[in-house]
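# One predicted model, sequence on top.
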Amino acid sequence: MTQKEKALVYFDKQFHCSQAVLAAYAEECGLTEEQALKLGGCLGSGMRKGEVCGACTGALLVLGLLYGQSDEKELASRQRANEVNDKMMNRFKEVCGSYICNDLLGYDITTEEGLRKIREHHLFTEFCPQMVANAVDILEEIRKEQQS
C-alpha cells in the first residue's frame, strides 16, 4: 500500500487530515501508530480554527521528523528543514490554491453556519480527501528531491 493509500484509509476511518498524513509515515519516522495519531490529533481543520490545513501540517510534521534539526550545533539540518518547509507550503498553495483551511473549504469552520455549510456540501468527505492526497503527493516529491 502506498503512503497516499494509507493516509486515505486513515482519513476514511474518521481521523483528522493531519493524523492521516502523519500516521501514514509513522513507521518511517520512528513513531508508533498511536504516537502519530496522538501527535496529529490537535491539528485537523487548521487547528480547529480554519488556519493551516491539517493535511499540510501533517506533512510538515513528517518533514520535520525526517529532515529537522536535532543538534544545536548542526545548522545545516535547520537550513534543510527551512527549505523543505517552504517547498511544502508553497507547493501546497500552488496546487490547492491556498494552505488556509477556511479558504480551501470556502466557509469559516469556527462558526455553526460554516460547519453546517461544510457538512451540507460534503466537503469533509468529498473535498478534504483530495487535500490529504495532495499533501502526500507533494511530500513525496520533496522527499525524492532530497534523495537526489
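Here it is on my side, so go on. Residues are numbered from 1 along each chain as shown.
# biggest helix in the chain, by residue count?
In the chain, taking DSSP state H as the definition, the longest helix is helix 75-96.
# what mean pLDDT does that one have?
Mean per-residue pLDDT for helix 75-96: 96.
# Please name every helix or strand in contact with that helix.
Judged by 3 or more CB pairs under 8 Å, 6 or more residues apart in numbering; DSSP states H and E, helix 75-96 is in contact with helix 54-67, helix 128-147. In short, each C-beta sits where N, CA and C put it, glycine included.
# So what's the gap between the first one and the chain middle?
So the one you mean is helix 54-67. 6 Å (CA atoms, centre = their mean, to the nearest Å).
# Any chance of a markdown table for the helices and strands packed on helix 75-96, columns distance to residue 105, mean neighbour count and mean pLDDT?
Output for these, formatted as a markdown table (distance: least, CB to CB, whole Å; neighbours: other CB atoms under 10 Å; pLDDT from 0 to 100):
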| stretch | distance to residue 105 | mean neighbour count | mean pLDDT |
| --- | --- | --- | --- |
| helix 54-67 | 12 | 25 | 98 |
| helix 128-147 | 8 | 19 | 97 |
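# Tabulate those (a markdown table), appending distance to residue 97.
Below are the helices and strands packed on helix 75-96 laid out as a markdown table (distance: least, CB to CB, whole Å):
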| stretch | distance to residue 97 |
| --- | --- |
| helix 54-67 | 12 |
| helix 128-147 | 10 |
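# roughly how far apart are the residue nearest the centre of the chain and residue 122?
In the chain, the C-alpha nearest the mean C-alpha coordinate belongs to residue 55, at 2.5 Å (CA atoms, centre = their mean). For residue 55, the distance to residue 122 (CB to CB, to the nearest Å) stands at 17 Å.
# ok so, going back, the residue nearest to the centre of the chain is in contact with residue 129, isn't it?
No. If you go by CB atoms under 8 Å, residue 55 and residue 129 don't touch, sitting 9.2 Å apart.
# Compare the helices and strands packed on helix 75-96 and report which one is nearest to residue 47.
helix 54-67 (7.6 Å; CB to CB).
# Identify the nearest residue to residue 140 in space, disregarding sequence-adjacent positions?
Closest residue to residue 140 apart from its sequence neighbours, by CB to CB, 6 or more residues apart in numbering: residue 3 at 6.7 Å.
# No further queries at this time; thank you.
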